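Engineer: The following block contains a protein sequence and its predicted model.
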Amino acid sequence: MNKNSLYALAGSIWGLVGLFLVIRGAVMYQAALDTQNATQTALMISIAIAVIIGVAKGKFVLSKTARRNKSRIDSIEGPLKVHHVYAKSFYILIAGMIALGVSLRHFNEYLGGYVVVAAIYCGIGLALMVSSLTYWKQDAQPAVEENS
């Protein structure tokens, strides 16, 4: 496995998890309409907020995390393994985020219903999708100076 393969794997995972969260959020929006009598206006406001916050968080916050992870991958010496795609501490963070997602779904009525939880899911999903592009971008190579 080489470094470009790890970049591709990391970007694919972030992009696919982001897509999964957006789809999960869309299902929750439908549940908000069907079971919690949410209004179309509430849905549209929630979706707009999710898109704005998600894209901004992806561009300005999570892409920094992705760049740091790319730098970490660059610094790894020796044979690369699949588990090097993320730092060990990141796997603990992932477990915590999964637990948080389960809690949000379970306690949705205390948080404002599925309209709010769906916005959180869609916002985080979009942020992951936007920031996953960082893994696919080629870093600029330093200019080579010619000796005359």
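Structural biologist: Alright, I've got the coordinates.
Engineer: buried sites along stretch 25-45?
Structural biologist: 25, 28, 29, 31, 32, 33, 38, 42, 43 (16 or more other Cβ atoms under 10 Å). Heads up, the C-betas are built off the backbone N, CA and C, glycines and all.
Engineer: For these, work out which two are farthest apart.
Structural biologist: 25 and 42 (14.2 Å; Cβ to Cβ).
Engineer: dump the residue contacts of the residue nearest to residue 14 when sequence neighbours are not counted.
Structural biologist: With Cβ to Cβ, 6 or more residues apart in numbering as the criterion, residue 14 has its nearest non-adjacent residue at 3.8 Å, and that residue is residue 132. With contacts defined as Cβ atoms under 8 Å, 6 or more residues apart in numbering, the neighbours of residue 132 are 10, 11, 12, 14, 15, 18, 66.
Engineer: Now residue 132. Its backbone dihedrals?
Structural biologist: Main-chain torsions, residue 132, degrees, to the nearest 10: phi -60, psi -20.
Engineer: where's it relative to residue 46, distance?
Structural biologist: For residue 132, the distance to residue 46 equals 23 Å [Cβ to Cβ, to the nearest Å].
Engineer: Isn't residue 70 up against residue 135?
Structural biologist: Yes. The pair residue 70 / residue 135 is scored as a contact, 6.7 Å apart, by Cβ atoms under 8 Å.
Engineer: any low-confidence regions in this protein?
Structural biologist: 139-148 (pLDDT under 70).
Engineer: And the helices in it?
Structural biologist: Using DSSP state H, the helices found in the chain span residues 3-35, 40-57, 63-75, 88-106, 114-136.
Engineer: Among those helices, which comes closest to residue 81?
Structural biologist: helix 3-35 (9.1 Å).
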